[in-house]
Every structure is written in structure tokens, then in C-alpha cells.
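*Asks:* Fold the following, please.
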Amino acid sequence: MALVFLLTNTVMNRALHRAESQYIDNCSLVLEGYSGAIYYYFENYHTSLSSIYNEPLFAAGDNKAIQKWLIDNVSFIHEDFCTTFYIDMATMTGYFSQGSVLDLTGRDYISPDNFAEGNYFVSDLVNSPYADYPVFIIEEPFYNEKNEIKGILCAAILLDRLEKIAKTIIIGDHTTVTIADKKGKLMVHPDASYVGKVFVPKSEKYRTTTSIVTAKEGNGVVETENYLGEPIDLFYSRIKNSGWTLGVSFPKKYLHAVYRQQNSTKIKLVIIALAALLLLLFVESAIMDYFYNNHLIDIVYDPFTGLWTRQHFESVATKLMQRNPKAKFMLVESDIRGFKFINQNYGEEEADKMINFYASLIKEISKRNHGIVAHGYADHFYSLIKITDVSNAMTLFKKEMDNLSEKVKQYDIPFFPKFGITFFRQGNKREVTVKELIGQASFAKSTIKDNMLVSYAIYNSRLLEKINEEHYIERTMENALKNEEFFVMYQPKISLANDLIVGAEALVRWKTPELGLLTPDKFIPLFERNGFIIKLDFYVYDKVFKFLDEQIKAGKPVVPISVNMSRNHNKPEKFMHEFMALFNKYNIPPHLVQVEILERSVMDSNTLCEITNRLHEKGFTVAMDDFGSGESSLNMLTKVPVDVLKFDREFLLSSTNEQGDMDEKSAKFIQSLLDLSKHLDKQTVFEGVETRAQRDFLRASSCDQVQGYFYSKPLNEQDFIVFTQEYIA
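*Replies:* Sure thing, here's the model as predicted:
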């Protein structure tokens with residue numbers, strides 16, 4: 001019995017020591033993983049901040065121009081940023097994206113020394129004048145020719161975003177997660193009253209383990225108590241590139257359970273010894289499984305979908321490519337069209353269910369093809385598959401997409417995935433990172449835009465040319481407007497009653513010094529995305545108003561000119577104020593100007609209706625452009641009181657065969673739309689009329705006006721004047 005007791009006691013002490021050591025190792029590993037996760041958030045914030053950097057503008061050093069750039073690009077910043085601002089280090093003045101200009105002299109988060117060890121800096125807790133809640137600041141410096149810091153681009157982030165990140169660290173009952181800045185002030189704490197303060201334990205025994213002490217030490221584990229006075233083991237670690245300290249506390253009860261088993265074993269000797277050994281093994285296994293499967297796993301797996309995280313995906317993909325230097329790979333990024341709309345209209349719970357459903361489908365495809373898959377942010381997924389050749393890979397991809405489409409159709413809420421694809425083979429070229437491959441696939445996917453007929457795009461050299469072209473366009477667009485490189489063409493509108501001109505549409509073109517003549521499809525979509533389209537619209541309005549004014553003063557015949565209102569104008573009062581200020585510069589009657597609004601505008605029907613009514617009040621007529629190409633045409637007719645319906649040219653393109661004749665079914669459909677328009681007292685205009693058969697059909701169907709190459713291509717001012725004089729009634 002003594003021998004059994006001795007052996008039992010020895011084994012239990014060793015097992016207890018091993019369990020305690022494993023407990024400490026697992027807790028430390030979990031802490032390290034979450035510290036790394038928060039660091040990745042900083043990297044993401046830094047990337048988002050860098051994306052709004054405009055090198056020529058910042059190099060010029062025009063503070064007002066830089067501030068205007070920040071204001072104009074506020075919609076493109078990270079959703080967690082509550083403000084962005086630029087600091088001129090010469091004057092210590094801050095230029096904010098809200099329009100404010102503040103003297104920042106004496107702010108301790110502004111110093112050249114902040115960037116001695118890295119290319120960006122994360123501040124301590126800062127009280128922001130733009131929020132009731134404290135913030136922290138991400139900063140990136142910019143240098144002059146002497147390698148001196150010229151200015152700093154900054155973004156302020158509310159601490160509540162940090163709290164949301166910290167709340168994802170769920171490690172068990174009664175655990176506490178804290179984050180302290182370099183001075184030991186708490187930035188995240190379960191009790192909000194501790195935020196901005198230094199934590200000091202209440203008991204005299206632990207009084208020396210303050211948050212200042214742990215912040216100075218940076219890494220370690222200490223026995224102390226939490227803010228509720230409960231005994232804990234506090235594990236703390238420095239968060240890379242910030243100087244902050246992440247702390248996670250584990251109640252002592254996790255080890256006390258093991259200690260109690262040891263004491264009971266000593267009393268019950270042999271019988272309890274055997275039970276205690278089994279229990280100890282169970283406890284040890286439970287601790288290991290609990291901390292590994294439920295916490296360490298979060299570093300590798302996305303807890304939401306069970307797929308790998310993007311960070312782990314990049315790590316494994318890199319190793320896979322390095323082990324197979326001669327292999328070919330296919331990387332695919334996918335997301336769900338209009339996911340934000342789905343989230344807003346169906347709610348977060350339904351959107352989350354959709355993400356998990358889609359994740360299971362992507363996982364099945366990846367497993368069948370021996371690939372790896374990960375879930376990124378929101379609805380983004382990444383897959384990497386080893387392939388033999390591109391042709392076979394695309395054949396297999398299309399087959400998988402057909403199967404995927406059938407399964408997606410069975411889901412309660414309709415949704416449509418889209419994909420970006422890039423291919424890669426490790427060769428003699430420079431090493432390409434997985435991040436770059438994801439960027440290539442992401443860009444390819446972005447070129448699909450709203451085209452519902454296309455579900456995927458492949459990255460290639462032509463897309464690279466498109467990137468360079470778009471960069472050139474964005475770099476030169478402001479100067480192009482000043483230098484009047486944009487010019488207006490006029491396409492006549494012809495009355496089908498007598499084949500005479502009754503109006504024209506103003507169309508913008510761009511003649512660049514380097515790329516030559518650019519058609520609108522090359523620059524209008526880009527201008528709509530970056531907001532420059534609003535400036536271009538008013539530039540065109542001014543040119544048209546000036547042209548009409550000159551023709552009237554010269555006593556020459558004139559016809560109404562229609563101008564396009566882009567989808568970016570979503571504030572009726574602002575648009576009308578600027579539109580009328582421009583119109584009133586010239587002496588022309590309003591009936592000579594028609595405004596064409598888009599049915600597919602981002603504005604809702606109420607906003608479109610308000611703008612239409614305001615234009616009517618001033619005497620202008622309003623046309624709905626590209627009617628029939630959107631998703632709610634008939635609904636729009638009853639809500640927006642436009643005067644004219646302009647039918648999209650796609651109607652005729654899809655209804656005309658190779659011989660130029662109209663398809664019978666399509667013709668009946670077009671006839672019904674024209675009849676409906678007449679019943680609603682709307683004038684009708686068809687775009688894209690290119691053949692006699694099309695003209696004759698529309699004339700027989702009682703269409704009012706047409707425009708297209710059958711009568712005239714878009715004309716410059718002089719040619720349009722000649723055309724008007726020849727064909728006016």
C-alpha cells in the first residue's frame with residue numbers, strides 16, 4: 001500500500017507538474033496568436049491609409065489641396081476610420097477630412113522619433129475633438145529630398161472598434177481581456193470605467209502588479225487578481241508595431257481543480273489513486289483540448305465558417321508553391337454580388353446563414369479538386385488549386401460553376417457569386433507573393449462590375465494595361481479638364497413624322513495627348529467610381545449652354561439639347577443650386593434644355609422624383625435615359641413624372657438579325673412598351689437606330705423620335721450647325 005501510495009503520489013506530482021506546464025504553454029500560445037491577430041488589424045488599417053496617398057499631390061505640399069483630396073476621398077477610407085487628416089510638420093498644423101484645420105503643437109503622438117523602428121506608428125489613447133469616445137491613431141510619414149519627415153498622413157479609429165476586436169477573444173468563463181497602451185493606460189477593459197486609467201489591484205498582496213508594470217515589461221505571466229478581486233493568472237504580451245500590451249487573465253479555478261484531485265488522492269490511497277490517475281489524464285486532456293481546439297484554432301481557422309483564415313491560407317499557399325517550384329497553380333477569389341444590399345434588406349442573421357451556406361459549397365469544390373480554401377472578410381473567399389494546364393483547369397472550373405449555380409438556385413434568398421481568377425507558375429521571373437496573386441484575382445473580379453451575364457474574369461496582361469490606363473486617366477483628369485481636352489459632340493434626334501431634326505443629345509469625348517481619342521466607356525465608369533463625373537457633368541453643361549447662347553445671338557436655328565445627369569448626383573437641392581447658377585450665366589430659354597436621368601441610378605425613386613419636379617418648376621423637360629435596362633422600369637413610370645422615355649439601344653441590337661430584320665417576338669414586345677408609353681402621355685425616343693428596317697418598324701409603331709447612325713453619327717459643333725440648318729423644319 002505504501003508503495004502504491006508512493007508511486008501514486010509521485011506519478012500525480014509529475015502529472016500535475018506536466019499539466020501545469022502545458023496549461024502555461026497553451027495559454028501563452030493563445031495569447032501570442034491573438035496578439036498577432038490584432039497586429040494584422042493594424043496592418044489592414046495601414047494598408048487602407050496608404051491607399052489614399054496621392055504621390056504627386058503630397059509631393060507638391062499644397063496643404064489645402066491635400067485636405068480637399070482627403071475630403072473628396074472620404075467614401076473610400078476604411079469603415080473603422082472616424083476621420084483622416086494630414087499633419088504639416090513645418091507648422092504642426094492638422095488638415096482634417098471633416099474640413100477643419102487645427103494647430104496640433106504639443107501633441108505627444110506627433111514626433112519624428114515615432115518612426116525610428118517602422119514605416120508606420122500606432123499612438124496611445126488620444127481624446128479626439130470629433131468623437132465623445134477616445135481614439136487611437138495610425139500614422140504614416142512622408143519625406144522630402146533630404147529624407148526629413150515633411151508630413152504625416154493619419155487616421156483616427158474609435159476605441160469601440162478595438163473593443164469589438166477584443167470581444168472576439170472568447171476563451172472561457174470569467175476570462176478577462178485587456179489592452180493597455182505604452183503608458184499603461186487601459187484602452188480595452190470589460191468595465192468601461194477603467195478605460196483611460198491605470199489598473200491597480202485592490203489587495204495589498206498584488207498592489208505592485210499594475211498595468212504600468214506589465215506595460216513596461218511587455219511579456220510574461222504573473223499571479224494577481226482581476227478588477228472583481230478574483231485570483232487570476234495574468235498572461236501578457238507585447239502587440240507588434242504598436243508598443244501596446246495585450247493581457248488575458250485565466251481564473252485560478254482551472255488549476256485548483258487539479259490540486260483538489262491531488263489532495264483527495266492522498267486520503268483515499270489505492271482506490272482513489274487509480275481514479276485520480278484517470279481523472280488527471282482526463283483533466284490534462286480536457287485542458288489541452290479546450291485551449292487548443294477552442295482558442296489556438298482561431299489563429300488557423302475562421303470561427304465563423306470553419307474555413308482557414310486568410311493569414312493561414314497565405315502561409316500554407318506560400319509553402320505549397322515553394323515545395324512545387326515547377327507546378328502551375330490557379331488562384332480564385334470569389335464574393336457575392338450586392339452582399340451589402342442583402343445584408344441591409346434581409347438582416348445580418350440571414351446574411352450570415354448565406355455566408356455559411358456558400359462556404360460549404362466552396363469547401364466541397366476545393367476538396368474535390370485537392371485545393372485549399374479560406375474565408376477572408378465579409379463575403380470574400382480564396383481558393384488555390386494545383387493544375388496541369390490552363391485549358392483543362394478552365395474546363396473543370398466551368399463545370400464546377402454549373403454545379404454551383406444549380407445549388408445556389410435552391411437557396412431561399414437569391415444570390416449570385418462572381419469570381420476573379422489568376423494563373424501562376426514559378427519560373428525564372430521574380431518571386432510573386434500570394435498577396436500579389438490575390439490582388440490580381442481581386443482586380444480581375446472587379447472588372448466584372450454589374451454585368452450579370454459575366455460571372456468570372458481572368459487576370460492577364462490586358463488587365464494590366466487597363467490598370468495602367470486607369471492610373472493615367474486618374475492622374476491626368478484634373479489637368480485635362482483645365483486644358484479643355486474634353487469636348488462635346490451632338491447626335492441629332494429625328495422626328496419619325498417628317499424625318500426632320502427636333503433635338504440632339506450632348507455626348508462627351510476626350511482627346512488625350514498620350515492615348516489619343518477616348519470614348520466614354522473608357523473613362524465614364526471610372527469617373528463614376530471616383531466622383532470626378534460630377535465635375536465633368538457641369539463642364540459639359542457649361543459648353544452646351546454657351547453653344548446655345550452663341551447660336552441664338554447669331555440668329556441661327558436652334559433645337560433643344562439634352563444633357564446627361566450622372567448617377568452620382570443624389571442631392572436634389574445641391575444639384576439644382578449649381579445647375580441654375582450655371583444656366584443663369586447665359587440668356588437661353590429653359591425649353592431648349594432637356595435633362596436626361598438614368599433609370600439605373602443609385603438614387604431611389606423619391607430622390608429622382610424630387611429632382612424631376614424641381615427641373616419642371618424651372619421650365620426644363622426631363623427624359624429617362626436607357627429606359628428598360630434596369631430592374632424596376634414599370635414601377636419607375638408610375639413614380640417619376642418624366643416627359644420623355646429614351647429606350648436603350650440594346651432593345652434593337654438584341655431584336656435585329658444579321659440581315660437587319662426585326663425578330664417578330666421582340667417587335668411585339670417593343671410595340672407593347674411604346675403603346676404603354678403613349679397611354680401614359682410620354683414622348684418616346686429610341687437610341688441606336690442603324691438600319692432602314694429598324695426605322696420603318698419604329699415609325700409604324702408610333703415611336704416619336706429616334707437617334708442613331710442611320711440618320712447621323714455624333715457631330716462636332718460646326719458639322720452639327722450645318723446639319724441643323726439643312727434638316728430643321
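*Asks:* Over to P201: give its phi and psi.
*Replies:* Dihedral pair for P201: phi -60, psi 150, per degrees, to the nearest 10.
*Asks:* Check the gap between the residue nearest to it when sequence neighbours are not counted and S211 for me.
*Replies:* Once flanking residues are discounted, P201 sits nearest to E225: 5.1 Å by C-beta to C-beta, 6 or more residues apart in numbering. Placement of C-beta: from N, CA and C, glycine included. Between E225 and S211 the computed distance is 13 Å (C-beta to C-beta, to the nearest Å).
*Asks:* cool, and L674?
*Replies:* From L674 to S211 the distance is 75 Å (C-beta to C-beta).
*Asks:* Same question for V595.
*Replies:* Taken as C-beta to C-beta, the span from V595 to S211 is 62 Å.
*Asks:* wait, isn't F339 in contact with D379?
*Replies:* Yes: using C-beta atoms under 8 Å, F339 is in contact with D379, at 4.3 Å.
*Asks:* one step back: L674 and S211: which has the busier surroundings?
*Replies:* S211 (26 against 20; other C-beta atoms under 10 Å).
*Asks:* residue contacts, that one?
*Replies:* 178, 180, 184-186, 198-200, 245, 247 (C-beta atoms under 8 Å, 6 or more residues apart in numbering).
*Asks:* rerun at 7 Å
*Replies:* 180, 184, 186, 198-199 (C-beta atoms under 7 Å, 6 or more residues apart in numbering).
*Asks:* Would you reformat these as a markdown table and include secondary structure?
*Replies:* Compiled in a markdown table, these are given as follows (DSSP: H, G, I helix; E, B strand; the rest coil):
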| residue | secondary structure |
| --- | --- |
| A180 | strand |
| G184 | coil |
| L186 | strand |
| V198 | strand |
| F199 | coil |
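*Asks:* T105: neighbouring residues, count only.
*Replies:* Neighbours of T105 using other C-beta under 10 Å come to 9.
*Asks:* now do the same end-to-end measure for stretch 179-192.
*Replies:* In terms of C-alpha to C-alpha, to the nearest Å, the two terminal residues of stretch 179-192 are separated by 12 Å.
*Asks:* what's in contact with that stretch?
*Replies:* For stretch 179-192, using C-beta under 7 Å, 6+ apart, the contacting residues are 124-125, 136, 159, 162-163, 166, 176-178, 194-199, 210-212, 214-215, 227, 243-246.
*Asks:* cool, stretch 543-555 as well?
*Replies:* Contacts for stretch 543-555 (C-beta under 7 Å, 6+ apart): 488, 506, 558, 561, 563, 582-583, 586-588, 592, 717.
*Asks:* tell me which strands and helices the longest strand seen in the chain is in contact with?
*Replies:* In the chain, taking DSSP state E as the definition, the longest strand is strand 501-512. Here strand 501-512 is seen to pack against helix 461-482, strand 486-495, strand 516-518, helix 533-553, strand 561-564, helix 717-727 when contacts are counted using 3 or more C-beta pairs under 7 Å, 6 or more residues apart in numbering; DSSP states H and E.
*Asks:* which stretch among the ones you listed comes nearest T447?
*Replies:* helix 461-482 (6.6 Å; C-beta to C-beta).
*Asks:* so how far is the closest one from its chain's centroid?
*Replies:* 21 Å (C-alpha atoms, centre = their mean, to the nearest Å).
*Asks:* quick one: the nearest residue to G376 once chain neighbours are set aside and I385, what's the gap?
*Replies:* Excluding the flanking residues, the one nearest G376 by C-beta to C-beta, 6+ apart is R310, at 4.4 Å. Going from R310 to I385 by C-beta to C-beta gives 17 Å.
*Asks:* ok, now G555?
*Replies:* 71 Å.
*Asks:* Over to A480?
*Replies:* Applying C-beta to C-beta to A480 and I385 gives a distance of 43 Å.
*Asks:* Go ahead and produce PDB holding the CA coordinates of stretch 155-172.
*Replies:* The C-alpha trace of stretch 155-172 is given here as PDB (Å, rounded to 0.1, in the frame of the first residue of the first chain):
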ATOM      1  CA  ALA A 155      -6.400  58.100 -39.400                       C
ATOM      2  CA  ALA A 156      -8.200  58.100 -36.100                       C
ATOM      3  CA  ILE A 157     -10.000  55.000 -35.000                       C
ATOM      4  CA  LEU A 158     -12.600  54.800 -32.200                       C
ATOM      5  CA  LEU A 159     -11.700  52.600 -29.300                       C
ATOM      6  CA  ASP A 160     -15.000  50.900 -29.600                       C
ATOM      7  CA  ARG A 161     -13.600  49.200 -32.800                       C
ATOM      8  CA  LEU A 162     -10.800  47.900 -30.600                       C
ATOM      9  CA  GLU A 163     -13.400  46.600 -28.100                       C
ATOM     10  CA  LYS A 164     -15.200  44.700 -30.900                       C
ATOM     11  CA  ILE A 165     -11.900  43.100 -31.900                       C
ATOM     12  CA  ALA A 166     -11.200  42.200 -28.300                       C
ATOM     13  CA  LYS A 167     -14.600  40.700 -27.800                       C
ATOM     14  CA  THR A 168     -13.900  38.000 -30.400                       C
ATOM     15  CA  ILE A 169     -11.300  36.700 -27.900                       C
ATOM     16  CA  ILE A 170     -13.600  34.300 -26.100                       C
ATOM     17  CA  ILE A 171     -11.500  31.800 -24.100                       C
ATOM     18  CA  GLY A 172     -13.900  30.500 -21.400                       C
END
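*Asks:* Residues contacting that stretch, please?
*Replies:* For stretch 155-172, the surrounding residues in contact (C-beta under 7 Å, 6+ apart) are 30, 34, 38, 41, 45, 49, 77, 80-84, 128, 131, 133-138, 177, 179, 187-188, 195, 248, 295.
*Asks:* Between the contacts of stretch 543-555, which sits nearest Q725?
*Replies:* V558 (10.6 Å).
*Asks:* In terms of helices and strands, where is the closest one?
*Replies:* Using DSSP states H and E, V558 falls within no helix or strand.
*Asks:* pLDDT value on the nearest residue to it once chain neighbours are set aside, please?
*Replies:* Counting by C-beta to C-beta, 6+ apart, the nearest residue to V558 once its immediate chain neighbours are dropped is Q551, at 4.8 Å. pLDDT recorded at Q551 is 96.
*Asks:* can you check I171 too?
*Replies:* We have a pLDDT of 56 for I171.
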